[in-house]
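Peer 1: Below is the sequence, then the predicted model.
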Amino acid sequence: MPFFAFHDAEHFYGEPEPVPGARVSFVPDKLFAARERRPVRQPLGDEGLMVNEIAADVRQWPSSLWRVADLEPMRPLYGHRWVPCRAFTVMEQVPAWLIAGPHGDAVEWVIARTRTLTGAQADALAALSDEGEEPLIRTLWSRWSRGHHTLSPVGCALTTLHEVVAEAARRVGPHLFGPDEEVDVEVLSDPAWLRAFGAAYAAALALGAPELLSPTENAVLARRWTTVFGSPDLPGR
């Protein structure tokens, strides 16, 4: 059953908002008005309510995720995995972390702690040795790339981590950022915070895709993160 990712009311171009049993319809005027106010990620020609047939194909971490049915598609896109719809019926709300796979709750735990990362925590992560992480990450990606075509072993979570660590650093201070001359923007440049991001990245892969490495290897990959934050206390784990 396909999925609809709801991000926020400002970026929702339908009505009514999703609730179980609702028949949600695309409202073109909402999209056109949003385009007049600001750039909109949805490209021209792709108007509609975007529905993903695979949860892991959702490109941005949503505030809520819904199973939907009775689609009224406009036309199929991207190999029928991403479909713009005129309308659909909402069946049920499911955990948003499903976009990161069956172990997405552990990935969500990493994201939540990254979102509130402090300077002291970043320094603690940076001070720990990352020995062994890089070759394990290469091995994990190599194994994943054989026969998989979704964003990553944990969906869009790695992109989300990059965004939230920058948000956390921005709260600490602008001194953690520097110019990127290629794209003419300020980017996170502080060495300690970059190493902290590396620890979060490694932990998200280890906890979110444990089947790609051995338990011992996963422990090494997540070691810096779990040393500072412990292991996730998740139901049924």
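Peer 2: Now that the structure is in, tell me what you want to look at. Numbers count the residues shown, from 1 in each chain.
Peer 1: Any figure for the gap between Arg195 and Asp29?
Peer 2: 47 Å (CB to CB, to the nearest Å). Quick note: C-beta positions are derived from backbone N, CA and C, even for glycine.
Peer 1: Kindly report the same for Glu217.
Peer 2: Taking CB to CB, one finds Glu217 at 52 Å from Asp29.
Peer 1: Looking at the two, which has the bigger crowd around it?
Peer 2: Under the neighbour definition other CB atoms under 10 Å, Glu217 and Asp29 were set side by side, and Glu217 has more, 17 against 8.
Peer 1: what kind of secondary structure is the closest residue to that one other than its chain neighbours in?
Peer 2: Leaving aside its chain neighbours, Glu217 sits nearest to Leu136 (5.4 Å; criterion: CB to CB, 6 or more residues apart in numbering). With DSSP: H, G, I helix; E, B strand; the rest coil as the basis, Leu136 sits in helix.
Peer 1: how far does the biggest strand by length in the chain sit from the chain's center?
Peer 2: Ranked by number of residues, the top strand in the chain under DSSP state E is strand 82-94. When distances are taken as CA atoms, centre = their mean, to the nearest Å, strand 82-94 is centred 20 Å away from the chain's centroid.
Peer 1: ditto for stretch 152-163
Peer 2: 4 Å.
Peer 1: List the contacts of it.
Peer 2: Outside stretch 152-163, the residues that touch it by CB atoms under 8 Å, 6 or more residues apart in numbering are 55-61, 99-101, 104, 107, 110-111, 114, 140, 144, 151, 197, 200-201, 204-205, 208-209, 212.
Peer 1: Can you select the buried ones from those residues in PyMOL?
Peer 2: To isolate the buried ones among the contacts of stretch 152-163 in PyMOL, judged by 16 or more other CB atoms under 10 Å, type:
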select buried, resi 55+56+57+58+61+99+100+101+104+107+110+111+114+140+144+151+197+200+201+204+205+208+209+212
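Peer 1: out of the contacts of stretch 152-163, which are inside helices?
Peer 2: 104, 107, 110-111, 114, 140, 144, 197, 200-201, 204-205, 208 (DSSP state H).
Peer 1: Identify each buried residue in stretch 15-34, please.
Peer 2: For stretch 15-34, the neighbour count (16+ other CB under 10 Å) marks 18, 22, 24, 26, 30-31, 34 as buried.
Peer 1: if we can go back for a sec, against Leu205, how distant is the residue nearest to Glu217?
Peer 2: Distance, Leu136 to Leu205, using CB to CB: 9 Å.
Peer 1: joint contacts of those two?
Peer 2: Leu221.
Peer 1: now the least confident helix or strand in the chain by mean pLDDT and strand 82-94, what's the angle there?
Peer 2: Sorting the helices and strands of the chain by mean pLDDT, DSSP states H and E puts helix 28-37 at the bottom, at a mean of 82. Using axes from the mean of the first three to the mean of the last three CA atoms, to 10 degrees, the inter-axis angle of helix 28-37 relative to strand 82-94 is 100 degrees.
Peer 1: would you put the C-alpha positions of helix 28-37 in PDB?
Peer 2: Presented in PDB, the C-alpha positions along helix 28-37 are these (Å, rounded to 0.1, in the frame of the first residue of the first chain):
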ATOM      1  CA  PRO A  28      -3.800  23.600  -7.600                       C
ATOM      2  CA  ASP A  29      -4.300  27.100  -6.300                       C
ATOM      3  CA  LYS A  30      -2.400  26.200  -3.100                       C
ATOM      4  CA  LEU A  31       0.600  25.100  -5.200                       C
ATOM      5  CA  PHE A  32       0.500  28.100  -7.500                       C
ATOM      6  CA  ALA A  33       0.200  30.500  -4.500                       C
ATOM      7  CA  ALA A  34       3.200  28.800  -2.900                       C
ATOM      8  CA  ARG A  35       5.200  29.200  -6.000                       C
ATOM      9  CA  GLU A  36       4.500  33.000  -6.000                       C
ATOM     10  CA  ARG A  37       5.700  33.200  -2.400                       C
END
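Peer 1: Appreciated, that's everything.
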